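# Dropping a prediction and its sequence here:
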Amino acid sequence: MQTIADSADVHVTTLFMHFKTKADLALNLVENRVGALRQRAFDARGSIGFFAFFREEALSRAKMLADEKDPELTFWNALRTDADLAFASTTFDSDQTDIFARFVADEFNLDREHDYTADLVALLLLSAADLSYRKWVTSGRRSDPAKEISDALDKAEPAARLMLGLEH
């Protein structure tokens, strides 16, 4: 919490007035990020297709990753590696999957209660983006994260389209 307070240029006591633990702070940040994604997805429906929307979101993340000085990058790395933040990380992953799966279900008229296709498509593309992120990190951040993510989506998207019956 001290490191977070220092980065935010506030006294740690001020931070504790709003958040009891770093897990509470992380969950709040995740909820804000998820809320913004949910709104962007809602606004995009009907004006842009799911695959274009997903790619835009993924490449936007790649741009954030490329800026190593971004404090948000430090937060998202900690979210994946700090055991105290596991709940926030799981919440983010679950909510993000739900948002993308809803988009797919709406666009392709799928009933998520009886058909897992929308969720599978969302999970496939999210996994492709996550794997490319891991590849970028393990390369010592020497590669281009936008290229890594784009290459991964180029491989995953045809399989997702096949699941939806769009390609044979």
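Arrived safely, thanks for sending.

# any idea of the pLDDT on residue 144?
With respect to pLDDT, residue 144 scores 83.

# separation between it and residue 51?
Using C-beta to C-beta, to the nearest Å, residue 144 is found at 21 Å from residue 51. For every residue, glycine as well, the C-beta is placed using N, CA and C.

# Of these two, which one has the most company?
Neighbour comparison, residue 144 and residue 51: the larger count goes to residue 51, with 19 against 15 (by other C-beta atoms under 10 Å).

# what's the nearest residue to the more buried one if we skip its chain neighbours?
Excluding the flanking residues, the one nearest residue 51 by C-beta to C-beta, 6 or more residues apart in numbering is residue 157, at 6.0 Å.

# What are the boundaries of the strands in this protein?
Remark: strands of the chain are absent; assignment by DSSP state E.

# which regions of it sit below the pLDDT cut-off?
Scanning the chain for pLDDT under 70 picks out the ranges 1-8, 10, 67-79, 168.

# Grab the most central residue of the protein for me.
Residue closest to the mean C-alpha point of the chain, counted by C-alpha atoms, centre = their mean, is residue 96 at 6.0 Å.
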